[in-house]
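Undergrad: Coordinates for the following, if possible.
(one chain, ligands or ions: 2)
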Amino acid sequence: MEASNLTLAELGWRPFFSNQVSAEESRWCCPVRVMAVHRGMVAIQGEGIDTSISSVLATPGGPEDRPAVGDWLLVDRESQDVVRILDRKNLFKRPQPGDDRRVQLIAANVDTLFIVTSCNQDFSVARIERYLVLAREVRVHPVVVLTKVDLAEAPERFLGAVRGLQPELEVEMINGRDPSSVARLAARCAIGETVALLGSSGVGKSTMINTLRGSDSIATQAVREADGKGRHTTTVREMHRLGRGANGGGWLVDTPGMRELQLSEASSGLAEVFDDIVALTLRCRFTNCTHGAEPECAVQAAMLDGSLDAARYERWCRLTAEETVNTGKMTTRHNRPGKSGRRN
Ligand SMILES: Nc1nc2c(ncn2[C@@H]2O[C@H](COP(=O)(O)OP(=O)(O)OP(=O)(O)O)[C@@H](O)[C@H]2O)c(=O)[nH]1
Ligand SMILES: [Zn+2]
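TA: Ligands and ions are numbered 1, 2, ... in the order given. Sure, this is the predicted structure:
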């Protein structure tokens, strides 16, 4: 366990949070960050504070009014009761496994999302694109990290494919086992920065984390030779300090839930990543066009004249379907406007 002598800035305290605290509140409350969530308890750290307290709020609210890893809480200095959760910069969540009506909070206040994929069979443009949609939805800065660059014969090929998705996208190619290579990610892991990782099993997340932390405390397991797939060996569920000083000092949120995130309630993220397709659908003759055999379908027309890539359109269809199913699981019922028919 880290010593309790961290400053608020080192814990990730920013004007976004301090602006939410009134002078009157600061007299009797102090801000603390949630390092881990256990049943009914949260491990917290603040200035001179490193302890566990009850996670129960004075005034219970909606399903998201519970402390998540990464949250900033205002705590009563005397009683150590949680007064309130400060507004979040962002929140990762998913339907509770086994109970679709409940929401599981995965992590809050993440600055950078590393989308990790390897330069081998695991590489999939569709998967990266799905993670990009998620990043947009959650409002977190994405960085695509291509691992195992030392094993690839032509790593530029993978880089080119990612750049083709979004030209302005930040992409780094690393050998996760080599500290000097992983140092490319240092700026994103600097003091006070909070990062999270997404990526399939075996792509090298744990390896990269261990190199970033300068230790091998997170279990990694050799990938099966035949199919290049890894096994689930990761068991960590909290925030971890990354290397200190010039090598980092930031925080890593690593929970199994984070790694397995699916799309839900991501309609605005989808619309942003695929804004070109959304724009086309608005030009179809029928507002409820399925972009199949309807006359005057702008999507079909764009695919015919080559301005829309059919594979990209397929990916949009699949992600939209996945998003609809998962959102249905997470909300009892949304009133979706059922207006349809011919455009005027
Ligand atoms: N050569 C090389 N091997 C790597 C690299 N990154 C990871 N590996 C190896 O790939 C295997 C799987 O890496 P892990 O770090 O366990 O993968 P993971 O993504 O954490 O997998 P899960 O824990 O299942 O989610 C290990 O044998 C690593 O040593 C890399 O950049 N280059
Ligand atoms: Zn259409």
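
Undergrad: contacts and neighbour counts: CA atoms only from here.
TA: OK.

Undergrad: Show the subsequent helix or strand relative to the least confident helix or strand in the chain by mean pLDDT.
TA: None of the helices or strands of the chain scores lower by mean pLDDT, DSSP states H and E than helix 256-259, at a mean of 66. Where DSSP states H and E defines the elements, the next helix or strand beyond helix 256-259 is helix 267-273.

Undergrad: Can you pull out the residues in contact with that following helix?
TA: The contact list for helix 267-273 (CA atoms under 8 Å, 6 or more residues apart in numbering) reads 132-138, 278, 316, 319-320, 323.

Undergrad: Would you point out the most distant pair within the residues you listed?
TA: 138 and 278 (19.6 Å; CA to CA).

Undergrad: any idea how far the spatially closest residue to residue 43 that is not a sequence neighbour lies from residue 73?
TA: Distances taken as CA to CA, 6 or more residues apart in numbering put residue 52 closest to residue 43, at 4.2 Å, once the chain neighbours are dropped. Look at residue 52 and residue 73: by CA to CA, to the nearest Å, they are 13 Å apart.

Undergrad: In terms of neighbours, single out the busier of the two.
TA: Each of residue 52 and residue 73 has its neighbours counted (other CA atoms under 10 Å); residue 73 has more, 25 against 17.

Undergrad: From ligand 2, how far off is the closest residue to the more buried one other than its chain neighbours?
TA: Spatially, and ignoring its direct neighbours in sequence, residue 73 is nearest to residue 85 (4.6 Å; CA to CA, 6+ apart). Distance of residue 85 to ligand 2, given as CA to the ion, to the nearest Å: 44 Å.

Undergrad: Residue 85: how many residues sit nearby?
TA: Going by other CA under 10 Å, the residues that sit close to residue 85 add up to 19.

Undergrad: Next up, the contacts around it.
TA: Per CA under 8 Å, 6+ apart, neighbours of residue 85: 65-67, 71-74.

Undergrad: Go ahead and measure how far stretch 268-288 is from the middle of the chain.
TA: Distance of stretch 268-288 from its chain centroid, counting by CA atoms, centre = their mean, to the nearest Å, is 24 Å.

Undergrad: And that stretch, end to end?
TA: End-to-end for stretch 268-288, by CA to CA: 19 Å.

Undergrad: for stretch 170-189, same thing?
TA: 15 Å.

Undergrad: So which residues make contact with the helix or strand encompassing residue 157?
TA: Residue 157 is part of helix 155-163, with elements assigned from DSSP H and E. Outside helix 155-163, the residues that touch it by CA under 8 Å, 6+ apart are 119, 123, 125, 128, 146, 149, 169, 171, 173.

Undergrad: Helices along this structure, start to end?
TA: With DSSP state H, the ranges of helices along the chain come out as 8-11, 15-18, 23-28, 125-138, 155-163, 179-182, 205-213, 256-259, 267-273, 275-281, 298-304, 310-330.

Undergrad: possible to save those as TSV with distance to residue 194 and mean neighbour count?
TA: As requested, the helices of the chain are exported to TSV (distance: least, CA to CA, whole Å; neighbours: other CA atoms under 10 Å):
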stretch	distance to residue 194	mean neighbour count
helix 8-11	9	18
helix 15-18	14	12
helix 23-28	24	12
helix 125-138	14	21
helix 155-163	24	15
helix 179-182	17	16
helix 205-213	13	23
helix 256-259	14	18
helix 267-273	21	19
helix 275-281	29	15
helix 298-304	40	18
helix 310-330	26	16
